[in-house]
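*Asks:* The amino acid sequence is not available; the structure is as follows:
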DNA sequence: AGCCTTGTTCAAGATTCATTGAACAATTGA
DNA sequence: TCAATTGTTCAATGAATCTTGAACAAGGCT
């Protein structure tokens, strides 16, 4: 039961995706989702990036843009990158973003 | 004489670049710069995308983000993609964006 | 039943963004 | 010099964004 609205894969818009990623907090979330071993994480695992309310807001943005999938499980939300959908729609895009971030702005202090 | 402020190549920030591209008008400008034969275009060549003032605003955004280079030549500004700088800093990123746009939202009516 | 955890929603505020029109600056050309 | 072209700057407006705290909802646990 995907209670929360997700855009279908073929309807993900590039400008929308780029706008969603044009924010340090959300970019950090994507970085953690991409580099972490687990393919799904909960909101509370991002709490070091901001307040509970702020996270809910940013995660909704990422979901609405088509970047992440959110699956309710108990009181938790399992959040995962829509890797397959994104790769099919925008080949190479996600990989380049992730690679950039690995070298990029926030190098140390990754408590995965 | 680069009268206008451009960020040095190694100081271009990913989040800033993504935010600059998260706008249909600016994305269209980058698309035209990337797909056109000419490596430099003037502001007036983008007038079909918006008002003169708006274009000036959006082009400043792209310049400040490090996406384009603006070189004054007479009363004109020669605008070009910073392909080399971007490829070095974010390998594969620009190519994936351009490829996406080719398939993407505004298919027909490209008066190159 | 209560209580805790996890996360959303609502309302408010400050900030930034995008668009517009008028006025201005600089170069080109008659 | 006068006029046209090219583009910037300024001020104002409305919209969107981000952040915060309080209140709420839904499950899990004892």
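*Replies:* Cool, the structure landed. Small disclaimer: the values here were computed from a predicted structure and weren't measured.
*Asks:* Spell out which helix or strand contains the residue nearest the centre of chain A, please.
*Replies:* Closest to where the C-alpha atoms of chain A average out (Cα atoms, centre = their mean) is residue A:30, at 3.9 Å. Residue A:30 is part of helix A:24-35, with elements assigned from DSSP states H and E.
*Asks:* How about the next helix or strand after that helix, which residues are buried there?
*Replies:* Moving toward the C-terminus from helix A:24-35, the next helix or strand (DSSP H and E) is helix A:52-65. Neighbour counts over helix A:52-65 (16 or more other Cβ atoms under 10 Å in any protein chain shown) mark A:55, A:58-59, A:61-63, A:65 as buried. C-beta here means a position set from N, CA and C on the backbone, and glycine is covered the same way.
*Asks:* and of those, the nearest to chain B?
*Replies:* residue A:65 (9.5 Å; Cβ to the nearest Cβ).
*Asks:* From residue A:71, how far off is that closest one?
*Replies:* Residue A:65 sits 17 Å away from residue A:71, going by Cβ to Cβ, to the nearest Å.
*Asks:* And for residue A:6?
*Replies:* Counting by Cβ to Cβ - residue A:6 and residue A:71 are separated by 10 Å.
*Asks:* more crowded one of the two?
*Replies:* residue A:6 (18 against 15; other Cβ atoms under 10 Å in any protein chain shown).
*Asks:* where does that one fall, helix, sheet strand or coil?
*Replies:* Here residue A:6 is coil, with the state taken from DSSP: H, G, I helix; E, B strand; the rest coil.
*Asks:* What number of residues are in the vicinity of the closest residue to residue A:88 other than its chain neighbours?
*Replies:* Counting by Cβ to Cβ, 6 or more residues apart in numbering or on different chains, residue A:88 lies nearest to residue A:9, which is 6.6 Å off, once chain neighbours are set aside. Number of residues near residue A:9 (other Cβ under 10 Å) recorded here: 13.
*Asks:* Let me see the contact set for the closest residue to residue A:54 other than its chain neighbours.
*Replies:* The shortest distance from residue A:54 to any non-neighbouring residue, by Cβ to Cβ, 6+ apart, is to residue A:25 (7.2 Å). If you count contacts by Cβ atoms under 8 Å, 6 or more residues apart in numbering or on different chains, residue A:25 has them with A:49-50, A:54, A:58.
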